[in-house]
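*Asks:* next comes the sequence, and after it the predicted model I'd like to discuss.
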Amino acid sequence: MSVSIIFSKLFETFGINCTIFFVTLLFALPLGLIISFGSMSKIKWLQKIVRVFVWIIRGTPLMLQIIVIFYGPGLIWGGNAMPRLSAAIVAFIINYACYFSEIYRGGIQSIPKGQQEAGQVLGMTKAQIFFRVTLLQVIKRIVPPMGNEFMTLIKDTALANVIANKEIIMMSKEFATKGLIWPLFSTALFFLIFCGILSILFRYLEKKLDYFR
Amino acid sequence: MAILEVQNINKSFGNTRVLEDISFSLEEGNALAIIGSSGSGKTTLLRCLNFLETPDKGKIIVKNNVLFDADSASSTSENEIRRKRLHFGMVFQNFNLFPQYTALGNVMLACELLAKERSDYKTNRKKIHNEIEEKAKLLLDQMGLSDRMYNYPHQLSGGQQQRVAIARALAMEPDILCFDEPTSALDPELTGEVLKVIRSLAEKHTTMVIVTHEMSFARDVADQIIFMDGGYIVEQGNAFDVINNPKEERTKQFLARYSEK
């Protein structure tokens, strides 16, 4: 097999990693915000439930969560399992939403109370205060930790192969079983380039938000 | 006719009583200074006026409208409280400017959001926006900040930030403007420029309630002074009299400590 064919195979399967990455972000970013509101809720029972949920999700391996979501429903209710890719993505969304929620919570709670009060005495609504005053300040503060999470996510996507999603690592292992070991090592390039682009984007974003303190 | 009437306000935080039976009234166009040591309840009183705290007892009446009455279960809907808050403006000790907006943006933001609720907003959007901008620029100009309008808060000195905060509060055209130790976070030089602005507001007969530690400023600018201690009003009256001829022993002690400095 020629090098170019192997690389195109790897490139193709890296599409699975990218799909998981982007779909997870699309849903986990807003879901995390909702969870963070839950964990800061003044309704005590809601806050307890949310915090226990976040503890369970952050306290167990993502690999295990993927397995549970794929096999669990079938074992309990019978019937067909979800498509493999969807099951993996659902697990990623839940897992990352919980991590994001803690980052949001830290960001929101780090904004001085005076900002909210200044909005209140100017007759602004809670929603206006959140969207027009607090949000951008929160975003500025959470950009660095979010950059970390994004990089972890792209590398975590390899875990999806635990339920036989044929992503780039699984593909390269197939080559390895046929006696070709170098494709496995070369997958590092894909992740390196992806993370390189991510860190450039994040540095750009940080710079963009540098106009205020 | 008093523009503001406060009747028998009480407030506790848990078991700590912070305000005890606070009553006073303020005439339109007058300035009231509230003095007293830290922890005497001055700030809490201002926060009650601005609906940042809810008194346990008492009434707050502005222009003969009962804005707050602890005895009658009034609606606490967000919208209603927002409307009531607009009678008061508030200038904080730490300025609390919005860091991501320019000085001009800070002054305009709340006005623009409020204007969106006007029924004619959609048709006159441009015109309303221009009016708000004109007004904001005029206010900043009055604060001596015409060359600082497009600066962000972190590019301004503390005194300039506080003057932006005053313009921001004035832009909402409150009936009564409250100041919570407006110069306590400033060094003496910057204190002067902020006090000058407040003094000019007093000359224009802006109705104001000022919590301050600047005794001579209080005497010169305020028409009326309240001295608070331990949550009570110990003495109140004409500004000159309270500072120069205090009647109560506690007031004398407090003022003596200030003149030592």
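*Replies:* Nice, I can see it. Note that the structure is predicted; figures quoted are calculated from it, not measured. Numbers count the residues shown, from 1 in each chain, chains lettered A, B, ... in the order given.
*Asks:* now name the helix or strand holding the residue sitting furthest away from the middle of chain B.
*Replies:* For chain B, the largest distance from the centre (C-alpha atoms, centre = their mean) belongs to residue B:123, which lies 34.6 Å off. Using DSSP states H and E, residue B:123 sits within no helix or strand.
*Asks:* quick one, phi psi at it?
*Replies:* With angles defined as degrees, to the nearest 10, residue B:123 sits at phi -80, psi -30.
*Asks:* just the pLDDT at it, thanks.
*Replies:* Predicted confidence (pLDDT) for residue B:123: 82.
*Asks:* could you pull out the helices for chain A?
*Replies:* A:3-39, A:44-59, A:62-77, A:84-109, A:113-121, A:126-128, A:135-156, A:168-177, A:182-208 (DSSP state H).
*Asks:* how about the residues of chain B by chain A?
*Replies:* B:50-52, B:78-79, B:82-83, B:85-86, B:88-90, B:92, B:94, B:96-100, B:109-110, B:113-114, B:152-154, B:168-169, B:172 (C-beta under 8 Å from any C-beta of the partner chain). Where you see a C-beta, it was placed from the backbone N, CA and C, and this is true even at glycine.
*Asks:* okay, now residue A:78: neighbour count?
*Replies:* Residues contacting residue A:78 under the criterion other C-beta atoms under 10 Å in any protein chain shown number 7.
*Asks:* host element of the residue of the stretch 101-250 of chain B found nearest chain A?
*Replies:* Residue of the stretch 101-250 of chain B nearest chain A, by C-beta to the nearest C-beta: residue B:110 (3.6 Å). Per DSSP H and E: residue B:110 is located in helix B:103-115.
*Asks:* hmm, back to that, which ones among the residues of chain B next to chain A map onto strands?
*Replies:* Among these, the ones falling in strands (DSSP state E) are B:88-90.
*Asks:* return the member of the residues you listed nearest to residue A:115.
*Replies:* Within these, the smallest distance to residue A:115 is 13.3 Å, found for residue B:90 (C-beta to C-beta).
*Asks:* out of the ones in strands among the residues of chain B next to chain A, who's nearest chain A?
*Replies:* residue B:90 (4.0 Å).
*Asks:* quickly list what the closest one is bridged to.
*Replies:* residue B:178 (DSSP bridges).
*Asks:* hang on, isn't it packed against residue B:48?
*Replies:* No - using C-beta atoms under 8 Å as the test, residue B:90 is too far from residue B:48 to be in contact (11.6 Å).
*Asks:* tell me which of the helices of chain A lies nearest to residue B:24.
*Replies:* Using C-beta to C-beta, the nearest of the helices of chain A to residue B:24 is helix A:113-121, at 20.5 Å.
*Asks:* list the buried ones in the closest one?
*Replies:* A:115-121 (16 or more other C-beta atoms under 10 Å in any protein chain shown).
*Asks:* which ones among the residues you listed also lie next to chain B?
*Replies:* Restricting the buried residues of helix A:113-121 to those near chain B - C-beta under 8 Å from any C-beta - leaves A:115, A:117-121.
*Asks:* can you give me the strands in chain B?
*Replies:* B:2-13, B:16-27, B:31-35, B:57-62, B:65-69, B:88-91, B:176-180, B:208-211, B:224-229, B:232-238.
*Asks:* how near is the residue positioned nearest the centre of chain A to chain B?
*Replies:* Chain A has residue A:96 as the residue nearest its centroid, 4.0 Å off, counting by C-alpha atoms, centre = their mean. Counting by C-beta to the nearest C-beta, to the nearest Å, the separation of residue A:96 from chain B is 27 Å.
*Asks:* tally of neighbours for the closest residue to that residue other than its chain neighbours?
*Replies:* Once flanking residues are discounted, residue A:96 sits nearest to residue A:28: 4.0 Å by C-beta to C-beta, 6 or more residues apart in numbering or on different chains. Residues lying near residue A:28 (other C-beta under 10 Å) number 24.
*Asks:* what residues are up against residue A:28?
*Replies:* By C-beta atoms under 8 Å, 6 or more residues apart in numbering or on different chains, the contact list for residue A:28 reads A:92-94, A:96-97, A:100.
*Asks:* in JSON lines: the strands of chain B, plus mean pLDDT, mean neighbour count and distance to residue A:43.
*Replies:* As requested, the strands of chain B are exported to JSON lines (pLDDT from 0 to 100; neighbours: other C-beta atoms under 10 Å in any protein chain shown; distance: least, C-beta to C-beta, whole Å):
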{"stretch": "strand B:2-13", "mean pLDDT": "87", "mean neighbour count": "18", "distance to residue A:43": "22"}
{"stretch": "strand B:16-27", "mean pLDDT": "88", "mean neighbour count": "17", "distance to residue A:43": "26"}
{"stretch": "strand B:31-35", "mean pLDDT": "90", "mean neighbour count": "27", "distance to residue A:43": "37"}
{"stretch": "strand B:57-62", "mean pLDDT": "87", "mean neighbour count": "19", "distance to residue A:43": "28"}
{"stretch": "strand B:65-69", "mean pLDDT": "81", "mean neighbour count": "16", "distance to residue A:43": "26"}
{"stretch": "strand B:88-91", "mean pLDDT": "92", "mean neighbour count": "27", "distance to residue A:43": "29"}
{"stretch": "strand B:176-180", "mean pLDDT": "92", "mean neighbour count": "23", "distance to residue A:43": "31"}
{"stretch": "strand B:208-211", "mean pLDDT": "92", "mean neighbour count": "26", "distance to residue A:43": "35"}
{"stretch": "strand B:224-229", "mean pLDDT": "90", "mean neighbour count": "24", "distance to residue A:43": "37"}
{"stretch": "strand B:232-238", "mean pLDDT": "87", "mean neighbour count": "17", "distance to residue A:43": "37"}
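*Asks:* distance to residue A:38 added to those, as TSV?
*Replies:* Converted to TSV, those look like this (distance: least, C-beta to C-beta, whole Å):
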stretch	distance to residue A:38
strand B:2-13	27
strand B:16-27	32
strand B:31-35	41
strand B:57-62	35
strand B:65-69	32
strand B:88-91	31
strand B:176-180	33
strand B:208-211	38
strand B:224-229	41
strand B:232-238	43
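*Asks:* out of the ones you listed, nearest to residue B:144?
*Replies:* The nearest among those, by C-beta to C-beta, is strand B:88-91 at 16.0 Å.
*Asks:* ok, residues contacting that closest one?
*Replies:* So strand B:88-91 is in contact with A:117-118, A:121, B:46, B:49-51, B:162, B:165-166, B:169-170, B:172, B:174-180, B:182, going by C-beta under 8 Å, 6+ apart.
*Asks:* equivalent analysis for stretch A:37-47, please.
*Replies:* Contacts of stretch A:37-47 (C-beta under 8 Å, 6+ apart): A:49-51, A:54, A:101-102, A:105, A:108-109.
*Asks:* show me the shaky parts of the chain.
*Replies:* Because you didn't say which chain, this covers chain A. A:1 (pLDDT under 70).
*Asks:* chain B was what I was after
*Replies:* Using pLDDT under 70, chain B drops low at B:1, B:73-76, B:260-261.
*Asks:* the helix ranked longest in chain B to helix B:103-115, inter-axis angle?
*Replies:* Longest helix in chain B, counting residues (DSSP H): helix B:125-142. Counting by axes from the mean of the first three to the mean of the last three C-alpha atoms, to 10 degrees, helix B:125-142 lies at 140 degrees to helix B:103-115.
*Asks:* near residue 213, how many other residues are there?
*Replies:* Since you didn't name a chain, this refers to chain A. 12.
*Asks:* not what I meant, chain B
*Replies:* Neighbour number of residue B:213 under other C-beta under 10 Å is 15.
*Asks:* appreciated, that's everything.
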